[in-house]
Structures are given as structure tokens and as C-alpha cells.
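**Q** quick one, fold the following:
(2 chains)
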Protein chains: 2
Amino acid sequence: MSKQETRDKILKAGAALVHVKGFNNTGIQEILTESGVPKGSFYFYFKNKEEFGLALIDHHRSIIGPKWIGFLRDPETPSPLARLKKLLRAFHERYEANGYSAGCPIGNLIQEMSDLSPAIRERLALVVDEVVGLLAETIAEAVELGELPRLLEPERTARFIFFGWEGALLAMKLEKSRAPLHDFEVMVFDVLFRGA
Amino acid sequence: MSKQETRDKILKAGAALVHVKGFNNTGIQEILTESGVPKGSFYFYFKNKEEFGLALIDHHRSIIGPKWIGFLRDPETPSPLARLKKLLRAFHERYEANGYSAGCPIGNLIQEMSDLSPAIRERLALVVDEVVGLLAETIAEAVELGELPRLLEPERTARFIFFGWEGALLAMKLEKSRAPLHDFEVMVFDVLFRGA
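**A** Okay, here's the model as predicted:
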């Protein structure tokens, strides 16, 4: 296996552990054991745990970006609001399959690490800016097409929806049910979007 | 000092540490050192760290409940929406004083511990139900008085606002600015409430 392949293996195993247990609560040896990489070789791949954290965020970013783009710029679905709803529904399915646990890996790291590592905080902000940008683009298109009222400022509305969704994931983890995700959708699509 | 006083001292010091560093990332000895209690005496006050976590939640609950009640049932402010806005503004001030760090101790524990301890998860749900209940009562009163449209179902709207607020605190931790709290207020009061 090449150095790059082994590094990817560590990141994949690490991402799964950190997603459930948290960043500080996941030990380096645990990650190596889970990825089947010899003990003690961690520092051959990452300078320290913070560097591993930054690589972990890049790993998530490489998955999240194409996924959001796939849904929000889907040429098969002309309505921007229908594209947004499809994205949310895809998340509903995934969280249902996961027993409504773990939540969003980026949101979790924001909560846990924003005050503990400025480097990690800055890297997380990059990912958030990207997905909020995609959401804002979708909302602007919906406003342009008359699907949404002009009162909804795209960037502000996009941030409200992104972080509101992070909040809904907290509710989901707490209640262990799909209800908070459903309620969030109702509040956004049937109240915020319809009423505004 | 009585056993109860020493226990309270441990809880207060522990609450401050956990709020910044996280629950799993805060060591028992660290808490004892911070509270000036002799090393090794932790298990005299708490059966284990999970019991400490439950006591920590009760400690926060004893502060949060009266605070929310003070604002949301304030007899000096007749308008329910004005009472809600005052509560949010009080939080703005507090987070500004704290350099936009740490966030909500209850939201942090929901994120970190919901999947790791069913007992902690259930205790957290009690606190959330209480504050969401107070919010729902305030919203229902606003609907009754004609300050809010009937389209806003009080319980669902209250949960949306509570968890949306938790999301806004994530954004605040990430951006280290008041802007996300301000934007949240605009979206709730000037878009969701006005438009609905």
C-alpha cells in the first residue's frame, strides 16, 4: 500500500470513530487499531493530532461538496426548492439508517473544537462557507424564479437554514426520532417560505 | 464546609471546565484541583463520572429554569414577543462578554453525550422540554393576543426556535462574532414572525 493509501485508510477509520465518540475522546492508538495500521506509525502520516483534525475536515469536505452540488445543481430537477427538499430528504434517509445518531460531522467539530484550535476553526469555516454558498445560490435562483418572495435575503436565509438544520440534528440526537427533521422541514417550507 | 457545599463547589468548577473543554475532555482530577478539593475525594461525592454528568445537568437546570421564567413570565412586560426578544438580547450580552465562546452548556452536552449515555440523554431531554414548554407558552400567548398569526403552531415553533438558537450559537462559536445572533433575530422576528 502506498503512503497515500494508508493515510486515507487512517482518515476513514478516524472519521467514523470521531463522528460517534468526538475528537478529543478518540485516541490515536484506537484509530490505528481500527484502520489496521501498525501502532506507533501515526506520526509518520500526521505531524500531530491537530494536523490529523485538519486532514479529517478536508476528508469530509471532499465528500460533502460533491454531494451538495449533486443535489442543489441537479439539472434533472428544474425547481430550486424541489432540489433543496430532495437534499433534506436524502439526509432524513441517512440519519434514519443510522438510528438518528452522530449527527453532522462538521457541526460536531464546530461545537467541540472552535474554542480549542484556531486552525481547525478556520478550516471548518471554509466548509461552511462552501455549503452556505451553494444554499444561497439555490435560494437566489428560487427568488429569481418567483418560487420565493424577495423578502428572503439569500445569504442570510441560507445561513439560517444551514445552522437551523444543525440545530434540528441536535434535536434528532436527543429524541432519537425522525420527528425533529420532519418538523424542521415543515417550519422551513410551509411556514418560513410560504409566509414570508 | 458541609458535604453539600463541597459538592456544589465541585459542580461549579466542573461546569466551567466542561463548558469550555467538553465533558469527556475534562478530567476528574482537573475538576478537583480547580475546585480546591483534595485529590481522590471525587468518589465520595459522585458514584462515577456519569453521575457527575447528571448532577451537572441538574445544576444547569436550576440556573436556566428561573432565568427563562424571569424573562418569559416577566409581569412588567405585557407583550409576549417583547419578553422573548429581551431574553435573546440578554443572551447576546452574555455571549459578547464571553468572547462568543463556549455556547450553550445544554446544547454542547446534547451534541457530545446523547449517543454515549442514555441516562444523560434523558436528563437533558427534561431540561429541553422545560424551556421549550416556556417558549411554547409565550408563543401561544402571542397568538392569542394577535401578535402572531395562527399558522404558527406554538409547540413546533418553540422547538424550531430553541434548536435554531442552538444552531445560531454554533455559527457564533465558528465566526466569533455577534452577527449570527443578530441574523437569527432578524430571521425569526422580521421574516418568520412577520411573514407567517
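
**Q** chain A: helices as residue ranges?
**A** Secondary structure of chain A by DSSP state H: the helices cover A:3-21, A:28-35, A:42-45, A:49-72, A:80-97, A:105-113, A:118-144, A:154-175, A:179-185, A:193-195.

**Q** need the ones you listed in CSV with mean pLDDT, can you?
**A** Below are the helices of chain A laid out as CSV (pLDDT from 0 to 100):
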stretch, mean pLDDT
helix A:3-21, 95
helix A:28-35, 95
helix A:42-45, 93
helix A:49-72, 98
helix A:80-97, 97
helix A:105-113, 98
helix A:118-144, 98
helix A:154-175, 98
helix A:179-185, 97
helix A:193-195, 83
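
**Q** quick one: closest of those helices to residue B:127.
**A** helix A:154-175 (10.1 Å; CB to CB). (C-beta placed from N, C-alpha, C; glycine too.)

**Q** tell me if that closest one is near chain B.
**A** Yes: shown here: helix A:154-175 in contact with chain B (CB under 8 Å from any CB of the partner chain) through A:156-157, A:159-160, A:162-168, A:170-171, A:173-175.

**Q** for the helices of chain A, which one sits closest to residue B:43?
**A** Using CB to CB, these put helix A:3-21 closest to residue B:43, at 24.1 Å.

**Q** and the closest one, what does it pack onto?
**A** Packing partners of helix A:3-21 (3 or more CB pairs under 8 Å, 6 or more residues apart in numbering or on different chains; DSSP states H and E): helix A:28-35, helix A:42-45, helix A:49-72, helix A:105-113.

**Q** and of those, who's closest to residue A:135?
**A** Distance to residue A:135, taken as CB to CB, is lowest for helix A:49-72 among those, at 7.1 Å.

**Q** how far away is the closest residue in space to residue A:114 that isn't next to it in sequence from residue B:113?
**A** Leaving out its chain neighbours, the residue that sits closest to residue A:114 by CB to CB, 6 or more residues apart in numbering or on different chains is residue B:173, at 4.1 Å. Between residue B:173 and residue B:113 the computed distance is 18 Å (CB to CB, to the nearest Å).

**Q** show me what contacts the residue nearest to residue A:121 when sequence neighbours are not counted?
**A** Leaving aside its sequence neighbours, residue A:121 sits nearest to residue A:114 (CB to CB, 6+ apart; 4.7 Å). Counting by CB atoms under 8 Å, 6 or more residues apart in numbering or on different chains, residue A:114 touches A:120, A:121, A:124, B:101, B:173, B:174.

**Q** one more time with 7 Å, if that's ok
**A** A:121, B:173, B:174 (CB atoms under 7 Å, 6 or more residues apart in numbering or on different chains).

**Q** residue A:176 against residue A:98, yeah?
**A** No: using CB atoms under 7 Å, residue A:176 is not in contact with residue A:98, being 10.8 Å away.

**Q** what's the neighbour count on residue A:83?
**A** By the criterion of other CB atoms under 10 Å in any protein chain shown, residue A:83 has 20 neighbours.

**Q** give me the phi and psi angles of the closest residue to it other than its chain neighbours.
**A** Nearest residue to residue A:83, sequence neighbours excluded (CB to CB, 6+ apart): residue A:77, at 4.8 Å. Torsion angles at residue A:77 (phi, psi; degrees, to the nearest 10) stand at phi -120, psi 100.

**Q** and the helices of chain A: which comes nearest residue B:31?
**A** Nearest to residue B:31, of the helices of chain A and by CB to CB, is helix A:105-113 at 18.6 Å.

**Q** tell me what the closest one is packed against?
**A** helix A:49-72, helix A:118-144, helix B:105-113, helix B:154-175 (3 or more CB pairs under 7 Å, 6 or more residues apart in numbering or on different chains; DSSP states H and E).

**Q** what does the third one contact?
**A** For helix B:105-113, contacts defined as CB under 7 Å, 6+ apart pick out A:22, A:103, A:108, A:111-112, A:170, A:173-174, B:15, B:19, B:22-24, B:53, B:57, B:60, B:120-121, B:124, B:127-128, B:166, B:169.

**Q** repeat for stretch A:12-28
**A** Against stretch A:12-28 from outside (CB under 7 Å, 6+ apart): A:30-31, A:34-35, A:42, A:49, A:52-53, A:56, A:59-60, A:102, A:105, A:109, A:112-113, B:22, B:24-25, B:112, B:115.

**Q** buried subset of these?
**A** Listed as buried from the contacts of stretch A:12-28 are A:31, A:34-35, A:42, A:49, A:52-53, A:56, A:59-60, A:102, A:105, A:109, A:112-113, B:22, B:24-25, B:112, B:115; burial here means 16 or more other CB atoms under 10 Å in any protein chain shown.

**Q** how many neighbouring residues does the residue nearest to residue A:42 when sequence neighbours are not counted have?
**A** Distance criterion CB to CB, 6+ apart; nearest residue to residue A:42, sequence neighbours excluded, is residue A:28 at 4.9 Å. For residue A:28, the count of nearby residues is 17 (other CB under 10 Å).

**Q** give the contact list for residue A:166.
**A** With CB under 7 Å, 6+ apart, residue A:166 has these contacts: A:104, A:107, B:167, B:170.

**Q** burial of the first one, as a residue count?
**A** This means residue A:104. 23.
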